[in-house]
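> one predicted model, sequence on top.
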Amino acid sequence: MEIYLDNAATTKPSKALLPLFSAHVESEWKNPSAMYPPAVAAERQLRAARETLAGAVHADPAGVVFTSGGTEGANTAILRGYRAAGEKKLHFITSAYEHPCVYECFRALETAGHSVDYIRPRADGKIHPEDVAEKVREDTALVSVMHVNNETGAVNDIAGIAAAVKAKNPGTAVHADGVQGYGKCPLDFGGSALDYYTASAHKLHGLKGTGVLFYKKNAPLKPYLLGGGQEKGLRSGTENTFGILAFARAVEEYMAHREEWVAHMAALKAYLLDKLSDIPDMRIFSPADGAPHILNLAFPGMRGEVLLHLLEQKKIYISTGSACSSHKKRAGSRVHQALGVPADITQGVVRLSFCPENTEEEMETAAAAIKEALAGFRGFIRR
């Protein structure tokens with residue numbers, strides 16, 4: 001039996017997508033930019049998908065740009081979503097523990113001569129609105145702070161952050177990476193001061209290669225991809241019709257069961273923690289009020305990568321952090337470095353992440369396997 005506990009990396013596509021695929025292959029594969037009736041019907045389907053995706057966060061369907069995923073959405077908002085001042089170099093703010101798709105954008109802005117402040121999380125693992133607002137200046141062009149940290153599951157008050165930033169400088173644009181939060185953590189995007197919010201389908205039982213960028217009417221968004229002028233000129237390229245419709249269908253299903261599913265994942269997280277609670281020196285990095293689907297732990301004396309491979313021999317799949325950084329050589333996670341975790345502990349961090357299909361039986365099996373691995377190898381593998 002396979003036990004998949006890496007849902008923060010990607011989720012199993014919903015079976016509800018199968019009828020959509022059949023219809024797409026048979027007849028609904030036309031280009032929505034064409035003029036004949038079947039293509040016009042495809043465009044109507046995209047319009048309905050915008051309404052569904054926007055409805056999940058109370059956004060305006062008119063402010064929806066379909067993208068290839070969270071990376072493209074974040075890059076577009078950060079690099080093309082602020083008001084330039086000619087050749088003048090500007091100021092930007094982000095957190096010290098952003099996902100690479102955000103963090104590397106700000107590194108690129110620094111390389112181009114702009115200045116960037118990286119806000120560190122407090123002891124509770126969160127980025128606090130007042131800490132961000134303190135750094136806002138007259139020339140601050142854009143702020144980006146993630147909704148849910150992809151490694152620890154800490155939930156940031158992004159609406160509060162946006163309000164605090166705008167109170168200090170109304171002209172500063174605010175973006176939040178919502179890849180781990182969209183659908184799982186409630187958000188009133190339309191009622192907030194946020195300008196941009198990005199999400200990805202494959203984190204919510206949709207398909208890889210599809211995402212969405214929500215933006216406000218007066219946001220200074222400019223196109224990142226140029227070409228045929230699709231998406232009101234903001235994202236050229238033929239729309240991934242099937243991927244978009246699959247995203248909308250997955251969101252419909254998730255939102256219909258959200259309260260039940262979120263409670264189920266939170267219960268599984270608590271159940272697994274209870275089963276592991278007798279392990280000496282276990283470190284827990286996920287806040288008690290964090291996202292329901294992410295549990296971040298470390299077992300001093302056991303490297304996270306070693307534990308991952310020991311568990312995979314039993315077909316139990318976990319991760320050591322962000323999948324997007326798994327092939328990079330690094331001295332521990334940048335997220336945990338930002339949290340002030342000692343280097344020897346960061347080497348032992350693992351992430352277990354859940355979906356509605358996971359069960360208590362799987363948690364029991366995983367806990368037993370972790371304990372067995374620690375009993376056999378902990379203390380022998382230090383560095």
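All right, it came through fine.
> how about low-confidence regions in the protein?
Confidence mapping of the chain against pLDDT under 70 gives the ranges 322-332, 379-383.
> domain assignment for it?
Domains of the chain are assigned by automatic domain parsing as 3-10+258-377, 15-252.
> deepest in the core, which of those is it.
Highest mean neighbour count among these (mean count of other C-beta atoms under 10 Å): domain 15-252, with a mean of 20. Any C-beta I mention is one placed from the backbone N, CA and C, and that applies to glycine too.
> those helices in the stretch 251-383 of the chain, which residues are they?
All helices of the stretch 251-383 of the chain, identified by DSSP state H, counting those that start in this stretch, fall at 304-312, 334-338, 343-346, 360-377.
> these two touch, right, residue 28 and residue 46?
No. In this structure residue 28 lies outside contact range of residue 46 using C-beta atoms under 8 Å: 11.1 Å.
> now for those two: what residues contact both?
Common contacts of residue 28 and residue 46 (C-beta atoms under 8 Å, 6 or more residues apart in numbering): residue 241.
> picking up where we left off before, closest to residue 224 out of the helices of the stretch 251-383 of the chain?
Nearest of the helices of the stretch 251-383 of the chain to residue 224, taken as C-beta to C-beta: helix 334-338 at 24.8 Å.
> for the closest one, packing partners?
With contacts taken as 3 or more C-beta pairs under 8 Å, 6 or more residues apart in numbering; DSSP states H and E, helix 334-338 sits against helix 343-346.
> show me where the stretch 101-250 of the chain has helices.
129-135, 158-168, 241-276.
> isn't residue 149 up against residue 181?
No. Between residue 149 and residue 181 there is no contact under C-beta under 8 Å: 9.6 Å.
> save the helices of the stretch 251-383 of the chain as a markdown table, and put in distance to residue 210 too.
Below are these laid out as a markdown table (distance: least, C-beta to C-beta, whole Å):
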| stretch | distance to residue 210 |
| --- | --- |
| helix 304-312 | 28 |
| helix 334-338 | 26 |
| helix 343-346 | 33 |
| helix 360-377 | 28 |
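> wait, which of the ones you listed is closest to residue 126?
Nearest of the helices of the stretch 251-383 of the chain (C-beta to C-beta): helix 334-338, 11.6 Å.
> contacts for that closest one?
So helix 334-338 is contacted by 95-97, 103, 120-121, 149-152, 285, 321-322, 343, 345-346, 349 (C-beta under 8 Å, 6+ apart).
> which residue packs closest to residue 252, ignoring adjacent ones?
residue 52 (5.8 Å; C-beta to C-beta, 6 or more residues apart in numbering).
> secondary structure class for the one you found?
helix (DSSP: H, G, I helix; E, B strand; the rest coil).
> can you tell me which residues contact it?
Applying C-beta under 8 Å, 6+ apart to residue 52 gives the contacts 248, 251, 252.
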